[in-house]
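Undergrad: sequence and predicted structure below; questions after.
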Amino acid sequence: MKLFFRQTGDTGPAIVIVHGLFGSSDNWLTISKTVAALGYRVFSIDQRNHGQSPRSNDQDYTSMAADLHEFLVDQQLENPVLVGHSMGGKTVMQYAMDYPDGFDKLVVVDIAPKFYPIHHAEIIRGLNAIDLLGITSRNEADAVLSRYEPIVPVRQFLLKNLYRNAQGQFNWRLNLPVIERELHGIGDELTNPKIVHKPTLFIRGSESPYIVDEDIPTIKRIFPAARIETIQDAGHWVQAEKPVEFVETLMKFIA
């Protein structure tokens, strides 16, 4: 699958960023520009069924890892640093297991290699409740979504997927039917886990429940060279809530 991507920076080592569920490359623009200014080429992709990448009936980590592999081959990126947040973190972990010689370092942002129970069902219901043909503004969509998601920044993040098509009608840059069907699989453990010996950094938010201390032995078992860094006063969207601290932590590891 040929993924849509954005490139920031023309010279320097390559860093590839993989977004999480309901996200896109657009969410990483500010971080990409900051990192590129430090002398790197930053590639941020849209995963399948997200953003401007193609749609598919599959949303499993083996397929998403294969998509990433195809992208790296197409762009002739040898030994890049791979950065993945949430679902994207599981994608880059699966990639590291399936293609162990295809990267230099791994950065996993606020996700562990374990099963997570479904907890996005209410968001899916809220997105499906928005009448795309009936609404006339983003504010109307937000009013509907607010009945399902009370946190304003989360709604703003979700509604970045709303756009007007060539006919002027609202549409989603998400394949909602497939994402809804595959929610359980998105939370699932990784397929055929293997030991990854490359340098790996796990970044977690101190206020996030996604990586807890009890997960560290499992992380260390699969990624024996892993380091775990905690950014204080940050939740699951570490890079958005604490961008300065996030970039400092990322660059220290890469350097």
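TA: Received the coordinates, thanks.

Undergrad: is residue 54 in a helix, a strand, or coil?
TA: On the three-state scheme (DSSP: H, G, I helix; E, B strand; the rest coil), residue 54 is labelled coil.

Undergrad: got a pLDDT number for the nearest residue to it once chain neighbours are set aside?
TA: Nearest residue to residue 54 in three dimensions, chain neighbours excluded: residue 1, at 5.5 Å (CB to CB, 6 or more residues apart in numbering). The way it works is simple: take the backbone N, C-alpha and C, and place the C-beta from them, glycine included. Looking at residue 1, its pLDDT stands at 96.

Undergrad: close enough to count as contact, residue 1 and residue 48?
TA: Yes. Counting by CB atoms under 8 Å, residue 48 is a contact partner of residue 1 at 5.7 Å.

Undergrad: which neighbours do the two have in common?
TA: Shared between the contact lists of residue 1 and residue 48 (criterion: CB atoms under 8 Å, 6 or more residues apart in numbering) are residues 54, 56, 63, 67.

Undergrad: show me what contacts the last one?
TA: What it means is residue 67. Residue 67 touches 1, 3, 47-48, counting by CB under 8 Å, 6+ apart.

Undergrad: circling back to that earlier point, more neighbours, residue 1 and residue 48?
TA: Of the pair residue 1 and residue 48, residue 48 is the one with more neighbours under other CB atoms under 10 Å, namely 23 against 16.

Undergrad: including distance to residue 20 and pLDDT, could the shared contacts of residue 1 and residue 48 go into TSV?
TA: Output for the shared contacts of residue 1 and residue 48, formatted as TSV (distance: CB to CB, whole Å; pLDDT from 0 to 100):
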residue	distance to residue 20	pLDDT
54	19	98
56	17	97
63	16	97
67	15	98
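
Undergrad: tell me which of those is nearest to residue 94?
TA: Closest approach to residue 94 among the shared contacts of residue 1 and residue 48 (CB to CB): residue 63, at 9.5 Å.

Undergrad: in what helix or strand does that closest one lie?
TA: helix 61-74 (DSSP states H and E).

Undergrad: so for that helix, what gets flagged as buried?
TA: By neighbour count on 16 or more other CB atoms under 10 Å, the buried set for helix 61-74 is 61-68, 71-72.

Undergrad: again, but for stretch 161-168
TA: By 16+ other CB under 10 Å, the buried positions in stretch 161-168 come out as 161-162.

Undergrad: same check, this time on stretch 82-93
TA: For stretch 82-93, the neighbour count (16+ other CB under 10 Å) marks 82-93 as buried.

Undergrad: and which of these is nearest residue 249?
TA: When the buried residues of stretch 82-93 are compared against residue 249 (criterion: CB to CB), the nearest one is residue 83, at 11.2 Å.

Undergrad: pretty sure that closest one is in a helix, no?
TA: No. Counting by three-state DSSP, residue 83 falls outside a helix, being strand.

Undergrad: give the contact list for it.
TA: Contact analysis of residue 83 by CB under 8 Å, 6+ apart lists 15-18, 92, 107, 109, 250.

Undergrad: could I get those residues as JSON lines with distance to residue 30?
TA: Formatted as JSON lines, the contacts of residue 83 follow (distance: CB to CB, whole Å):
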{"residue": "15", "distance to residue 30": "14"}
{"residue": "16", "distance to residue 30": "17"}
{"residue": "17", "distance to residue 30": "12"}
{"residue": "18", "distance to residue 30": "17"}
{"residue": "92", "distance to residue 30": "20"}
{"residue": "107", "distance to residue 30": "17"}
{"residue": "109", "distance to residue 30": "15"}
{"residue": "250", "distance to residue 30": "13"}
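
Undergrad: what about residue 190, neighbour count?
TA: Neighbours of residue 190 under the rule other CB under 10 Å: 20.

Undergrad: check for me that it belongs to a helix.
TA: No. Going by three-state DSSP, the assignment for residue 190 is coil, not a helix.
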